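Asks: Just the structure for this:
(one chain, ligands or ions: 2)
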Amino acid sequence: MRVLSGIQPSGKLHIGNYFGAMRQYLKLQSEENECFYFIANYHAMTSVQAADELQSYTDEVARGYLAVGINPDKSVFFRQSDVPEVCELAWILSCVTPMGLLERCVSYKEKVEHGLRPNHGLFFYPVLQAADILIYNSHIVPVGQDQKQHLEVTRDLAIKFNNTYGEILTVPDPYIITATAVVPGLDGRKMSKSYNNTLELFEPAGRTKKKIMRIVTDSTPVEAPKDPDNCTVFALLSLVASQQETQEWRERYRRGGMGYGEAKKRLAELTNELLDPFRRRYDELCRNSDYVEDILREGGKKARSVAQELMEKVRTATGITKQK
Ligand code: ADP
Ligand code: TRP
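Replies: Ligands and ions are numbered 1, 2, ... in the order given. Next up is the predicted model:
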């Protein structure tokens, strides 16, 4: 099976990204699958318009994914823009895209409501995403719940294209990541770079600890029983602790006689245990930027040759080039 997913370089990676997406990408890296993971730098242009910022987020995300365990011997890891054919396919697909289909996309409306300037790229975004998926004949596309509608658009466009020009595109199955519920941020809302409430994957351990110790909790006194299911500290703890330890904390919350400070301290300890090896690899990669660049370039070449093969068929089927 070919697995494909993209990551926008639009901010610093945080543990919400790790538990919500990255961990699943790692799990899918196995003998049976051929994984294509890419950095969606064209997509990020819809929100990041400073060139140096886009560049540095792209580098950070590349190092970040390698640091947590994307293995370039097992996966094709590349930059979206190293396969420029994807923009060509996006245009061709846009000519079989009904306007109404894009007008119904909620992520466009939500982003505009959150204050993002409504440029055409933002509106066109799902078509480019469909091109990303279809150009590599992908079967499985692991994404979070928020991307479900974009996968439906992709399937619709593949079917429309095939009906118009013949069976050329593979209609992918969605693989929605549901294993992890939404990871809460330090303020209890969804952890997101736009809310400034994240635990970043590669910040120093001291900063992580400080942020955790400052999580706002309710004012239940130490001796009183507490509700684990309404507590950000417990929700985060259950992600990093073993099942058995999580169960023990659940009981300690319910029993009372435990202060939030204790739970926070353990949360900081376990979070830093998880992140320390990632940080070390990340720092190593910062000192080896040529190595990272080589991986991306090599991945880009492999991905591009797959894309070019499909594009030959697409160009002929659409009458853009003459049948040989
Ligand atoms: P952000 O909300 O910080 O902008 P992105 O939209 O770039 O994050 O998310 C990239 C991936 O990480 C997506 O697949 C998304 O589903 C996942 N993700 C982001 N934040 C969370 C979270 N708080 N909980 C679970 N998954 C998340
Ligand atoms: N839109 C996705 C996100 O915000 C990123 C993305 C771009 C993507 N192209 C893709 C995901 C192709 C899966 C497949 O998370």
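
Asks: what about stretch 48-57, average pLDDT?
Replies: Averaging pLDDT along stretch 48-57 gives 96.

Asks: Quick one: residues in contact with it.
Replies: 9, 10, 11, 12, 41, 44, 45 (Cβ atoms under 8 Å, 6 or more residues apart in numbering). Bear in mind the C-beta positions are built from the backbone N, C-alpha and C, glycine included.

Asks: three-state assignment of the third one?
Replies: Classification of residue 11 into helix, strand or coil gives coil, according to DSSP: H, G, I helix; E, B strand; the rest coil.

Asks: Identify the residues contacting it.
Replies: Here residue 11 is in contact with 57, 193, 194 (Cβ under 8 Å, 6+ apart).

Asks: Now do the buried residues in stretch 230-241.
Replies: Across stretch 230-241, burial judged by 16 or more other Cβ atoms under 10 Å covers 231, 232, 233, 234, 235, 236, 237, 238, 239, 240, 241.

Asks: What of stretch 309-324?
Replies: 310, 311, 314, 315, 316, 317, 318.

Asks: just stretch 211-225 next, same as before
Replies: 211, 212, 215, 217.

Asks: Out of the buried residues of stretch 309-324, which comes closest to ligand 2?
Replies: The shortest approach to ligand 2 among those belongs to residue 310, at 15.2 Å (Cβ to the nearest ligand atom).

Asks: which SSE is residue 302 in?
Replies: helix 289-318 (DSSP states H and E).

Asks: sorry, back to before: which of the contacts of stretch 48-57 tops the neighbour count?
Replies: residue 9 (26 neighbours; other Cβ atoms under 10 Å).

Asks: Which parts of the stretch 201-324 of the chain are helices?
Replies: 205-213, 232-240, 243-255, 260-286, 289-318 (DSSP state H, counting those that start in this stretch).

Asks: how about residue 259, what does it touch?
Replies: residue 222.

Asks: so how far is ligand 1 from it?
Replies: Distance check for residue 259 against ligand 1: by Cβ to the nearest ligand atom, to the nearest Å, it reads 26 Å.

Asks: Ligand 2 contacts on the stretch 1-150 of the chain?
Replies: Residues of the stretch 1-150 of the chain lying close to ligand 2 by Cβ under 6 Å from any ligand atom are 4, 5, 6, 8, 40, 43, 129, 132, 133, 141, 143, 147.

Asks: near ligand 1 too, which of those residues?
Replies: Okay, of those touching ligand 1 (Cβ under 6 Å from any ligand atom), that's 8, 143.

Asks: What about the residues of the stretch 1-150 of the chain next to ligand 2, which are in strands?
Replies: Applying DSSP state E to those, the entries found in strands are 4, 5, 6, 141, 143.

Asks: neighbours around the residue nearest to residue 34 when sequence neighbours are not counted, how many?
Replies: Nearest residue to residue 34, sequence neighbours excluded (Cβ to Cβ, 6 or more residues apart in numbering): residue 2, at 5.0 Å. Neighbour count of residue 2, defined by other Cβ under 10 Å: 18.

Asks: and what of the one 5 residues further on?
Replies: Residue 7 has 23 neighbouring residues, counting by other Cβ under 10 Å.

Asks: Quick check: phi and psi at residue 2.
Replies: phi -100, psi 120 (degrees, to the nearest 10).

Asks: Tell me the spacing between it and residue 308.
Replies: 16 Å (Cβ to Cβ, to the nearest Å).

Asks: Same check on residue 11?
Replies: As judged by Cβ to Cβ, residue 11 and residue 308 stand 32 Å apart.

Asks: quick one, phi psi at residue 224?
Replies: Dihedral angles (degrees, to the nearest 10) for residue 224: phi -80, psi 150.
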